[in-house]
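Student: Build me a model from this:
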Amino acid sequence: MQEFSLENKSEDIHYGKTKTYFKEVLSSYNNGNYRSSVVMLWSVAVCDIVFKLQSLIDLYSDASAKEILDELSKIQKSDPKSASWEVKLIDDVHEKTHLLNTSEYENLRYLQKQRHLSAHPVLNMERELHSPNKETVRSLLRNTLDELLTKPPFYTQHILKELLTDIEESSQILNSREKVKKYVESRYLNRTTEPVELNLFRSLWKIVFKLENNECNTNRLINLQVLEVIASKNRHLLIKTIQGDIDFYSNIATTGEPLQHLTFFLSTNSELYKVLSEDAKIKIEHCITSDDIGKTVGWFTKDSLLKHAEDIKEWINSDESPVFEPSQLDFLLAISDSEEWQEEFCIIVSCYYGSSGNYNQADSRFQAAIPKYIKYFNKHSIKCLAQQINDNGQCHDRSRARHDYTVIKEKIDELFGDAFQYQDYPCFRRKLGLDD
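Tutor: Just a heads-up that it's a prediction; the model follows:
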């Protein structure tokens, strides 16, 4: 194992000015000037915290950071010679932000005490100045590097408004879940701590799944996508978080888009459904039995995914004859990434296309349900699709079928080569022109 190097670690210091200042600290340490090294290290740590707070203000209008620096400016103006603001800075940053956790805070307070002993004429019983040993100073240097100087400025708990405004203003370019994930992680989550992220999760939960006003309605989808990113990063903490405040997390909308969005969210975070209150579950179950989105993704209240697949096929063939929006099919596929579910999904979309009631409906259902998902078909599900086409004249007799079925023929060739038994599906075979 490579030995820890103060010199190498100092190259990772976040701010250029801090890196320059730290070289003086390191020079004093290497020359055996341990008192001087500790005194300068404290000054560098204080400056670095101020730099981080100012960055949060300049880049993100962080309210907590601004409050802390404004208060320190008042203290400095009222008593320019006092250094009391330095300790207050550390205390306020620990109490009002997430730049420092408890252990990091205690290490800085210990550094401040060592700085006090080293900077002032504090004499021991032999009338000698306090002199920290090499091991103590090295430990102080390493802790300060690891816990403060090499870290970027982390957001405080007051970034919700900035985040929501930013996401709303950027919504036109953040037009996919992948883009939202990259943007939120790069701009925010790389600079947050778990407590901040859980605070954001809590606030977004209410905004997305409870509140109804013009602003919430307009931004509900993209806010949900931000919530998904935060939830994915902190998934191991969510059950405990919800259990710790069940009343808040169970206070959800009764109907409408907020409840639809919650049902969708739970379809990919099903473990959270179990820890909600019974009254919340009743609302969600009603959505699953009565709402199209709920029926599509509400598998988590059932015995298994297979049972959900059977319910979807029964719904498709019922008198309701549901019409799926493209997003609904995407949601349905996203329930699970297992091969078993992908096969079930392909059978479902085959059933959806195969239940078309007229040529126009068959045209539109084919475009919605088959070309986009043909890559997920396996040998079993492609046979199911061929059977559906063969059994429904609205599918195999429509004028566009021969052109449309090119993608199916290509997939069959990929899966079977020349071994596919087209004679078992004569109407489908004829439409492909194999009898010509």
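
Student: any idea how far Y21 lies from S27?
Tutor: Using Cβ to Cβ, to the nearest Å, one gets 11 Å for the distance from Y21 to S27. For glycine as for every other residue, the C-beta is placed from the backbone atoms N, C-alpha and C.

Student: Can you give me the first-to-last residue distance of stretch 384-398?
Tutor: 19 Å (Cα to Cα, to the nearest Å).

Student: How about residues contacting that stretch?
Tutor: Contact with stretch 384-398 is made by 346-347, 350-351, 353-359, 361-363, 366, 370, 377, 401, 405, 408, 412, 424-428, 430-431, as judged by Cβ atoms under 8 Å, 6 or more residues apart in numbering.

Student: I'd like to know how many residues surround K134.
Tutor: Neighbours of K134 under the rule other Cβ atoms under 10 Å: 11.

Student: Nearest spatial neighbour of it, chain-adjacent residues omitted?
Tutor: Excluding its sequence neighbours, the residue lying closest to K134 (Cβ to Cβ, 6 or more residues apart in numbering) is Y34, at 6.5 Å.

Student: and that neighbour, what does it touch?
Tutor: For Y34, the contact set (Cβ under 8 Å, 6+ apart) comprises S28, S118, S131, P132, N133, K134, T136, V137.

Student: ok so D337 is a strand residue?
Tutor: No - judged by DSSP: H, G, I helix; E, B strand; the rest coil, D337 forms no part of a strand; its state is coil.

Student: in which helix or strand would I find E343?
Tutor: Using DSSP states H and E, E343 falls within helix 339-354.

Student: Which SSE is immediately downstream of that helix?
Tutor: helix 359-369.

Student: just checking, what packs against that next one?
Tutor: Applying 3 or more Cβ pairs under 8 Å, 6 or more residues apart in numbering; DSSP states H and E, one finds that helix 359-369 makes contact with helix 326-334, helix 339-354, helix 393-396, helix 401-404.

Student: Drop anything exposed from the contacts of stretch 384-398.
Tutor: Applying 16 or more other Cβ atoms under 10 Å to these, the neighbour count classes 346-347, 350-351, 353-356, 359, 361-363, 366, 370, 377, 401, 405, 408, 412, 425, 427-428, 430-431 as buried.

Student: Counting neighbours, what do you get for T263?
Tutor: T263: 27 surrounding residues under other Cβ under 10 Å.

Student: what's near enough to touch it?
Tutor: Listed by Cβ under 8 Å, 6+ apart, the contact partners of T263 are I284, C287, I288, D291, I293, G294, V297, G298.

Student: Tell me how far it lies from S327.
Tutor: Separation of T263 from S327 (Cβ to Cβ): 14 Å.

Student: most neighbours, which of the contacts of T263?
Tutor: Neighbour-wise, the contacts of T263 (other Cβ under 10 Å) top out at C287, 26 neighbours.

Student: Confirm that it sits in a helix.
Tutor: Yes - checked against three-state DSSP, C287 lies within a helix.

Student: is it true that it touches F300?
Tutor: No - shown here, C287 and F300 do not form a contact pair, counting by Cβ atoms under 8 Å, at 11.9 Å.

Student: what's the distance between I239 and K23?
Tutor: 47 Å.

Student: Then I252?
Tutor: Look at I252 and K23: by Cβ to Cβ, they are 55 Å apart.

Student: who has more neighbours, those two?
Tutor: The residue with more neighbours, out of I252 and K23, is I252; 22 against 13, by other Cβ under 10 Å.

Student: I'd like the secondary structure assignment at the more buried one, please.
Tutor: Secondary structure, three-state DSSP: I252 is coil.

Student: Contact partners for S364?
Tutor: For S364, the contact set (Cβ under 8 Å, 6+ apart) is empty.

Student: How much space separates it from S356?
Tutor: Counting by Cβ to Cβ, the gap from S364 to S356 is 8 Å.

Student: Am I right that P258 sits in a helix?
Tutor: Yes - under three-state DSSP, P258 sits within a helix.
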